[in-house]
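In: Sequence first, predicted coordinates after that:
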Amino acid sequence: MADLKYLSGFGSEFSSEDPRCPESLPKDQNSPQQCPYGLYAEQLSGSAFTAPRSENKRTWLYRIRPSVVHKPFTALKNDTVTHNWDEEEPNPNQLHWHPFDLPLGNKKVDFIDGIHTICGAGDPKFKTGIAVHVFLCNSSMDNRAFYNSDGDFLIVPQTGQLLIKTEFGKIEVKLNEIAVIQQGMRFQVKVTSPSRGYILEVFGRHFELPDLGPIGANGLANPRDFLTPVAYYDDVDEVFQIVSKYQGKLFTCEQDHSPFDVVAWHGNYVPYKYDLSKFMVINSVSFDHCDPSIFTVLTCQSDKKGTAIADFVIFPPRWSVQEHTFRPPYYHRNCMSEFMGLILGEYEAKIGGLSPGGATLHSIMTPHGPDANCFEAASNESLKPTRIADKTQAFMFESCLGLALTKWGAKTCEKINPDYHKCWQNLKKQFTGPKKL
Ligand SMILES: O=C(O)Cc1cc(O)ccc1O
Ligand SMILES: [Fe+2]
């Protein structure tokens, strides 16, 4: 794919001009009476105008036509995207999905048509909640652009790579990279082969880097490794379909030109990507298993201190060196929901269990942990330093919200493994009994 340029940094004030139009960014002001090159100025707000300065997000776009030049929206027929969390009865079981199928047959399915909601909670109307989707597509969006009025998308490709054209420029997202496209940003996804991946959507809030506390000023995902595209415009007068997800439903409208007509922009409200292999891993070098919060790449915080609407956590390749320790994840019950997926390789707690492109959900207070094979092996292994495979990347979307399954997630996808619970049934009683007096 193309050799693209990026701007490096997280939450920075960036500015970018398409090199074909030097000096296209107005100097010293945002709204000149006439913009350079006859462009229109348009502000895209990612926070309330009056949000504290540290959280205030907006970008000024200088474009060939303002976004308002489009025909009215009408409902787009779609039965795979939903924020209706009452489709199914609550289900507290441990859940395991086999890999979700890429589109079968010759039917062309693009990124928009390929989005399937698995579970979620909350309501975009109240600006709080999340949705977990998978995308399963085999063709590129042609003269079609999408924007999400409800929240931000954190996109995790698992099969295939994505070329995402945005109003801000182009982003290439390879395997083991993620992209975040925030609320309102128009984008188009091109694929070169059948593509599958996961989407974490958060309503009404944005992702931030986690605080580092005693870790210090560096580590985990470093700000410089977040990459934002440089300005690129198309001057194309052809019919385009703009699809918006608004209050959980899809709507479409037409316009007679490309929405990717931004010649220059400046601001701190931008799309970005991150290469997961750049994550600086922190872990125990003495004993015991650290909580997985040490692997948080990005967090979307709730109003409750230290409690995430959604954390994006990875389980990257690393050394395991703890002494006199059961090294895999501990058995636990969590007051948070844990949705996990696998990008590549195996997940250490379920070798042969979770497969790339599949998923698990361990809901609030649902007990879970290593399967019986993992327990047996890890309880008896010799504790020399071991490398947790070079080619592995599991991840978790962890949320303080109770997640509800959609009908597609529970039934229509036909991927739920009814035997999942069996992986724990061979955990034998090994209690040695009270001390004989
Ligand atoms: O359940 C899981 O596999 C995720 C997880 C991993 C870990 O290392 C500790 C706790 C936890 O929930
Ligand atoms: Fe867990």
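Out: Yep, that arrived. This one's a predicted model, so the numbers in the text were calculated from it and none came from an experiment. Ligands and ions are numbered 1, 2, ... in the order given.

In: which SS state does residue 314 fall under?
Out: Following DSSP: H, G, I helix; E, B strand; the rest coil, we place residue 314 in the strand state.

In: pLDDT score for it?
Out: Looking at residue 314, its pLDDT stands at 98.

In: now it, nearest residue through space, not along the chain?
Out: residue 395 (4.8 Å; C-beta to C-beta, 6 or more residues apart in numbering). Yep, even glycine has a C-beta here, placed from its N, CA and C like the rest.

In: Run through the residues that contact the one you found.
Out: 156, 198, 312-315, 340-343 (C-beta atoms under 8 Å, 6 or more residues apart in numbering).

In: From the residues you listed, list the ones also adjacent to ligand 1.
Out: Among the contacts of residue 395, not one lies near ligand 1 by C-beta under 6 Å from any ligand atom.

In: Output those residues as JSON lines; include the columns neighbour count and distance to residue 369.
Out: Shown next, in JSON lines, are the contacts of residue 395 (neighbours: other C-beta atoms under 10 Å; distance: C-beta to C-beta, whole Å):
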{"residue": "156", "neighbour count": "24", "distance to residue 369": "24"}
{"residue": "198", "neighbour count": "25", "distance to residue 369": "22"}
{"residue": "312", "neighbour count": "26", "distance to residue 369": "22"}
{"residue": "313", "neighbour count": "23", "distance to residue 369": "16"}
{"residue": "314", "neighbour count": "22", "distance to residue 369": "19"}
{"residue": "315", "neighbour count": "22", "distance to residue 369": "14"}
{"residue": "340", "neighbour count": "23", "distance to residue 369": "13"}
{"residue": "341", "neighbour count": "28", "distance to residue 369": "18"}
{"residue": "342", "neighbour count": "24", "distance to residue 369": "17"}
{"residue": "343", "neighbour count": "24", "distance to residue 369": "22"}
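
In: Could you pull up the contacting residues of residue 104?
Out: So residue 104 contacts nothing (C-beta under 8 Å, 6+ apart).

In: any idea how far it lies from residue 138?
Out: The gap separating residue 104 from residue 138 is 10 Å, by C-beta to C-beta, to the nearest Å.

In: what about stretch 300-315, distance to the chain center?
Out: Offset of stretch 300-315 from its chain centre (C-alpha atoms, centre = their mean, to the nearest Å): 13 Å.

In: Over to stretch 14-34?
Out: That offset, for stretch 14-34, works out to 31 Å (C-alpha atoms, centre = their mean).

In: End to end on it, go ahead and measure it.
Out: From its first residue to its last, stretch 14-34 covers 22 Å (C-alpha to C-alpha, to the nearest Å).

In: hmm, who's touching it?
Out: Residues contacting stretch 14-34 (C-beta under 8 Å, 6+ apart): 7, 35-37, 39, 41, 43, 60, 62, 168-169, 228-233, 263-268, 270.

In: Mean confidence (pLDDT) on that stretch, please.
Out: For stretch 14-34, mean pLDDT is 98.

In: Which positions in that stretch come out as buried?
Out: By 16 or more other C-beta atoms under 10 Å, the buried positions in stretch 14-34 come out as 14, 16-18, 21, 24-26.

In: Enumerate every residue touching the residue in the stretch 51-200 of the chain positioned nearest to ligand 1.
Out: With C-beta to the nearest ligand atom as the measure, residue 94 is the residue of the stretch 51-200 of the chain nearest to ligand 1, at 10.0 Å. By C-beta under 8 Å, 6+ apart, residue 94 lies in contact with 360-362, 366-368, 420-421.

In: Filter these down to the buried ones, ChimeraX style.
Out: ChimeraX command restricting the contacts of residue 94 to the buried ones, with burial defined by 16+ other C-beta under 10 Å:
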select :360,361,362,366,368,420
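
In: tell me, which of the contacts of residue 94 make contact with ligand 1?
Out: Restricting the contacts of residue 94 to those within reach of ligand 1 (C-beta under 6 Å from any ligand atom) leaves 362, 368.

In: So which of the contacts of residue 94 belong to strands?
Out: Among the contacts of residue 94, the residues falling in strands (DSSP state E) are 360-362.

In: out of the residues you listed, who's nearest ligand 1?
Out: Using C-beta to the nearest ligand atom, the ones in strands among the contacts of residue 94 come closest to ligand 1 at residue 362, 5.9 Å.

In: what about the closest residue to ligand 1 within the stretch 151-300 of the chain, how many neighbours?
Out: Using C-beta to the nearest ligand atom, the closest approach of the stretch 151-300 of the chain to ligand 1 is made by residue 292 at 4.0 Å. Other residues within reach of residue 292, judged by other C-beta atoms under 10 Å, total 16.

In: what pLDDT does it get?
Out: At residue 292, the model reports a pLDDT of 97.

In: Now for the nearest residue to residue 204 once chain neighbours are set aside: which residues touch it?
Out: Taking C-beta to C-beta, 6+ apart, and ignoring the residues beside it in sequence, residue 204 has residue 127 as its nearest neighbour in space, at 2.7 Å. Contact analysis of residue 127 by C-beta under 8 Å, 6+ apart lists 203-205.

In: Likewise for residue 310?
Out: By C-beta under 8 Å, 6+ apart, the contact set of residue 310 is 130, 200, 202, 299-300, 397-399.

In: got a markdown table for the residues you listed, with secondary structure and pLDDT too?
Out: Formatted as a markdown table, these follow (DSSP: H, G, I helix; E, B strand; the rest coil; pLDDT from 0 to 100):
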| residue | secondary structure | pLDDT |
| --- | --- | --- |
| 130 | strand | 98 |
| 200 | strand | 98 |
| 202 | strand | 98 |
| 299 | strand | 98 |
| 300 | strand | 98 |
| 397 | strand | 98 |
| 398 | strand | 98 |
| 399 | strand | 98 |
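
In: which among those end up buried?
Out: Among these, those classed as buried by 16+ other C-beta under 10 Å are 130, 200, 202, 299-300, 397-399.

In: picking up where we left off before, turn the ones in strands among the contacts of residue 94 into a markdown table, columns for pLDDT.
Out: Supplementary listing: the ones in strands among the contacts of residue 94 in a markdown table, determined by pLDDT from 0 to 100:
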| residue | pLDDT |
| --- | --- |
| 360 | 97 |
| 361 | 98 |
| 362 | 98 |
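
In: ok, these vs residue 123, which is closest?
Out: residue 361 (20.2 Å; C-beta to C-beta).

In: In this structure the closest one contacts residue 404, no?
Out: No - Residue 361 lies out of contact with residue 404 (C-beta atoms under 8 Å); the separation is 10.6 Å.
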